[in-house]
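[1] Dropping the sequence and predicted coords here.
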Amino acid sequence: MPRIHIGRDRSAGRAGKPAAIFFLACTFIFFPPPTYASQAKRTPPRQTAPTRAPRNVKRRIQSILDSKGAKDAQWGIQVISLRRGESVFSWNPDKHFVPASTAKLFTTAAALVRLGPEFKYLTTVEATGPVDEKGAVHGDLILVGRGDPNLSGRVLPYNGRTERSSQPMKVFEDLADEVSSRGIRVVDGDLVADDSYFVNQPYGEGWTVGDMFWGYGAPVSALSANDNVVTFTILPGQRAGDRAIVEQGPMDRYFDVINRVLTVGGRGAPSSGAASNTERRIAFDRRPGSRVLSLWGRIPAGEVGLTESVAVDEPSRFAGEFFRLALERRGIQIHGTLQLRHLEPVDVPDLRSPWQAPRASTTNVIASHQSRPLIESLKVTEKVSQNLHAEMLLRTLGRERRQVGSVEAGLEEVNQFLREIGVNESDVALRDGSGLSRQTLVSPSAAATLLKAMYNSRER
């Protein structure tokens, strides 16, 4: 079904995501900012005097709930005092609500405690055969992803707003530079994009078909590049009647674009039609599995344009194609083709429990990239509400803690963590790591218990 935009830039929000019923979990105290200057010697935080709670909290909240605008909504509220550890106000505290993106709190808290703030991801380029004196690899060259969500131009550390470098795929360029510096000039075999660190479960339970089209519903892979999206910029032509200008990046020809967007008279310009005929109206359409993107509609002359992120279907192929181009730009020839290496769910005996994966053939590491510490990635996940990063984190928990990078193993680890901090099992029903699933349910009391436990933890 076509996705239509009218007169505004969707990229500023998530209009394509259905509204959810939210809950509120409050603690009346200001949290001091966390510090990680010395991770080797951390102690539980000293309890400081709490900020004085507003007077008549119960009356003020109740007045809001009794207002005309709130009566038709469903509310869940849990307000607790961190100093006294008691409830200040509650309203449906044990009822289940769809938490939407606040579900990320559960995933990121578990990861921070279980993996630690200094955890780092490793991405490697490996060869299955020797490199001879002429620079030929007698075997395959493998690009191995291990769950790093920031193989992109995103600038870290995150400082309150998203910043991107002018080289969105610099990590892959750097890896190609390292391969070239080893004297490699030709690969006799294939280029293999390996994302088998995770089980091949690209989408979450309870996601919709519409989610999968846009960047916020991008598929999950252990080898992800540029948040698994292609960014489209649509600009008006020079004059009415011209085709719109369509640009895509970071690969300028990843999608085959059928462009039927026309430039119309600018806003306020004379028009023989109705006023609405000069309003932006652009439709996007792409069938699942296809790399043909159709665009049609109109855009007013002189408008700043529209920027939109469209998800790719096969992230490892996306990363592999870009890496191959980076190698070719350095004069490195691949005689074979691009191959993908997945770990399918059917090949894993138990998606919840540890297992011994088949021993891989011996390889030689040619190049590598180590990520920045996990704590910096968590800031992006929470502040930007990055769904893909949360889903990758969930699977990383499963892989690092239970030796299987599946949704099921990740959820088992998160649920065990929640039990340890006192969250009742009946208060949480997680189905994914990001909250995009409409089947994920959480109670206000569970959220409040989580926030209280993290405030009192050494990871605060």
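    Received, thanks.

[2] Surely Gln62 forms part of a strand?
    No - inclusion of Gln62 in a strand is not indicated when DSSP: H, G, I helix; E, B strand; the rest coil is applied; the result is helix.

[3] what's it in contact with, if anything?
    Remark: with contacts taken as Cβ atoms under 8 Å, 6 or more residues apart in numbering, Gln62 is in contact with nothing. The way it works is simple: take the backbone N, C-alpha and C, and place the C-beta from them, glycine included.

[4] per-residue pLDDT, it?
    Confidence at Gln62, expressed as pLDDT, is 90.

[5] Arg161 now?
    At Arg161, the predicted lDDT confidence score is 83.

[6] Around it, how many other residues sit close by?
    Here the neighbour count serves as a burial measure; for Arg161 (other Cβ atoms under 10 Å) it reads 8.

[7] got it, and Gly302?
    By the measure other Cβ under 10 Å, the count of residues near Gly302 is 13.

[8] what kind of secondary structure is it in?
    Of the three states, Gly302 takes coil under three-state DSSP.

[9] Next, work out how far apart it and Asn150 are.
    Going from Gly302 to Asn150 by Cβ to Cβ, to the nearest Å gives 37 Å.

[10] Let's see the pLDDT reported for the spatially most central residue of the chain.
    Against the mean C-alpha coordinate of the chain, by Cα atoms, centre = their mean, the closest residue is Leu388 at 2.0 Å. According to the per-residue confidence, Leu388 scores 98 in pLDDT.

[11] How about Phe417, nearest residue that isn't a chain neighbour?
    Leaving aside its sequence neighbours, Phe417 sits nearest to Ala110 (Cβ to Cβ, 6 or more residues apart in numbering; 4.2 Å).

[12] Ile61 now?
    On the basis of Cβ to Cβ, 6+ apart, the spatially nearest residue to Ile61 that is not a chain neighbour turns out to be Phe89, at 5.4 Å.

[13] tell me the contacts of the one you found?
    Shown in contact with Phe89 (Cβ under 8 Å, 6+ apart): Val57, Lys58, Ile61, Ile77, Gln78, Val79.

[14] Correct me if wrong: the first one contacts Val88.
    Yes - A contact is recorded between Val57 and Val88 when judged using Cβ atoms under 8 Å, the distance being 5.7 Å.

[15] Just to check, Arg324 is in contact with Leu338?
    Yes - with contact defined as Cβ under 8 Å, Arg324 reaches Leu338; the gap is 6.1 Å.

[16] Overlap of the contact sets of those two?
    Leu191.

[17] Pick out whichever of those two has more residues nearby.
    Neighbours of Arg324 and Leu338, each counted by other Cβ under 10 Å, are more numerous for Arg324; the result is 21 against 16.

[18] The more buried one should be in a helix, yeah?
    Yes - counting by three-state DSSP, Arg324 is found in a helix.

[19] How about it, nearest residue that isn't a chain neighbour?
    Leu191 (5.5 Å).

[20] In this structure the one you found contacts Gly320, no?
    Yes - with contact defined as Cβ under 8 Å, Leu191 and Gly320 form a contacting pair (6.2 Å).

[21] Need the residues touching each of the two.
    With contacts defined as Cβ under 8 Å, 6+ apart, the residues shared by Leu191 and Gly320 are Leu143, Leu338.

[22] of those two, who's got more company?
    Here Leu191 and Gly320 are compared on neighbour count by other Cβ under 10 Å; more neighbours surround Gly320, at 27 against 22.

[23] Setting aside sequence neighbours, what's the nearest residue to the more buried one?
    Sequence neighbours aside, Ala193 is the residue nearest to Gly320 in space, at 3.3 Å (criterion: Cβ to Cβ, 6+ apart).

[24] partners of that neighbour in the sheet?
    Judged by DSSP bridges, the bridge partners of Ala193 are Leu143, Leu340.

[25] contacting residues around it?
    With the criterion set at Cβ under 8 Å, 6+ apart, Ala193 makes contact with Leu143, Gly145, Leu223, Ser316, Arg317, Ala319, Gly320, Phe323, Leu338, Gln339, Leu340, Arg341.

[26] Out of these, which end up buried?
    When burial is judged by neighbour count using 16 or more other Cβ atoms under 10 Å, the buried members of those are Leu143, Gly145, Leu223, Ser316, Arg317, Ala319, Gly320, Phe323, Leu338, Gln339, Leu340, Arg341.

[27] pLDDT wise, what is Ala357 at?
    Model confidence at Ala357, given as pLDDT, is 70.

[28] what's the neighbour count on it?
    Here the number of neighbours of Ala357 (other Cβ under 10 Å) works out to 12.

[29] hmm, which helix or strand of the protein has the shakiest average pLDDT?
    When the helices and strands of the chain are scored by mean pLDDT, DSSP states H and E, strand 24-27 comes last with a mean of 49.

[30] For the residue nearest to Gly320, give its distance to Ala103.
    Note on Ala193: its distance to Ala103, by Cβ to Cβ, is 30 Å.

[31] which stretches of the stretch 101-250 of the chain form strands?
    In order along the chain, the stretch 101-250 of the chain carries the following strands (DSSP state E, counting those that start in this stretch): 122-127, 136-137, 141-144, 186-187, 191-199, 229-235, 245-249.

[32] Sounds good, over and out.
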